[in-house]
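J.: Requesting a structural model of the entry that follows:
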Amino acid sequence: MNIDRSPILVVEDEPQIRRFVRGALEREGFRVCEASNAASGLAVAAQAHPAVTVLDLGLPDRDGLSFISDLRLWSKAPIVVLSARSGERDKVEALDAGADDYLTKPFGVAELLARVRAALRRSESSSVAQVPVFRFGDVLVDHLSHRIEKAGAEIRLTPIEYRLLAFLIANAGRVLTHRQMLLDVWGSASPEASSYLRVHVGNLRRKIEGDPARPRHILTETGVGYRFAP
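T.: Residues are numbered from 1 along each chain as shown. Presented below is the predicted three-dimensional model:
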């Protein structure tokens, strides 16, 4: 079977398991690219735009959860976790971080392939582009290096401001409610948190908008939330 689509990315530090997973996928006709740690995995993902990522959580340079969080800043392609961590809390944390599926080691080849095929169906039904470097106006956002530039000069965002901007970019053109933004950025939709959202949006506008009083990119939808216009 010859499957002509974006590759499957396997991020696994154990060479034997990586070769085993790659072999199983290639025998099914999938194209495969691989990485042995989080840093190289993110770099390969930015270049290859994988349709699905198969990820081990126990990576040598960073925990797999932080890999998921970073990849989710710019890509919504499915992530299938393949891990020796079998506890319920481990699974919940991975899924909450943005993983789509979780398979524990040891695993069966047939089940792994079934999970990948299911993830591919979700991937093919999504039209979301995977763009690690995003430009709008005179602003450049590089999700791989977490670098933001305006007119060629680096600007500093707080972690909250960065996550807020990434969420807006990932949903460009969509009206995002206050509740959606609070849940994604803060993990809370309490009424008290709404004031924090307004403050951080105001700070973000001052840093990236040419005229914060008349924003061109982070637009207010009165009574509802905000919309990002690139």
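J.: what number of residues lie near P159?
T.: Neighbourhood size, P159 [other CB atoms under 10 Å]: 9. The way it works is simple: take the backbone N, C-alpha and C, and place the C-beta from them, glycine included.
J.: Now do the same contact list for it.
T.: P159 makes contact with no residue, according to CB atoms under 8 Å, 6 or more residues apart in numbering.
J.: Just read off the phi/psi values of it.
T.: Per-residue torsions, P159: phi -50, psi -40 (degrees, to the nearest 10).
J.: so what's it scoring on pLDDT?
T.: What the model reports as pLDDT for P159 is 88.
J.: what's the spacing between it and V11?
T.: 24 Å (CB to CB, to the nearest Å).
J.: same thing with A229?
T.: Relative to V11, and taking CB to CB, A229 is found at 34 Å.
J.: Those two: which is more packed in?
T.: A count of neighbours by other CB under 10 Å puts V11 above the other of A229 and V11, at 28 against 13.
J.: I figured that one was touching A48, is that so?
T.: No - at 11.8 Å, V11 does not count as touching A48 under the criterion of CB atoms under 8 Å.
J.: Excluding chain neighbours, what is closest to the one residue sitting closest to the centre of the chain?
T.: Against the mean C-alpha coordinate of the chain, by CA atoms, centre = their mean, the closest residue is R72 at 0.8 Å. Spatial nearest neighbour of R72, chain neighbours left out: G98 (4.0 Å); criterion: CB to CB, 6 or more residues apart in numbering.
J.: okay, the one you found: pLDDT?
T.: 85.
J.: same thing with the one 4 residues further on?
T.: With respect to pLDDT, Y102 has a value of 93.
J.: by contact count, what packs against the host helix or strand of it?
T.: Y102 belongs to strand 101-104 when assigned by DSSP states H and E. Helices and strands in packing contact with strand 101-104 are listed as strand 79-83, helix 88-97, helix 109-124; criterion 3 or more CB pairs under 8 Å, 6 or more residues apart in numbering; DSSP states H and E.
J.: Can you check which of the ones you listed gets nearest to E154?
T.: Ranking the helices and strands packed on strand 101-104 by proximity to E154 (CB to CB) places helix 88-97 first, at 27.6 Å.
J.: Flag every buried residue along that closest one.
T.: Within helix 88-97, the residues scored as buried using 16 or more other CB atoms under 10 Å are D90, K91, E93, A94, A97.
J.: Just list the residues touching the second one, thanks.
T.: Contacts for K91 were tallied using CB under 8 Å, 6+ apart; they are R85, Y102.
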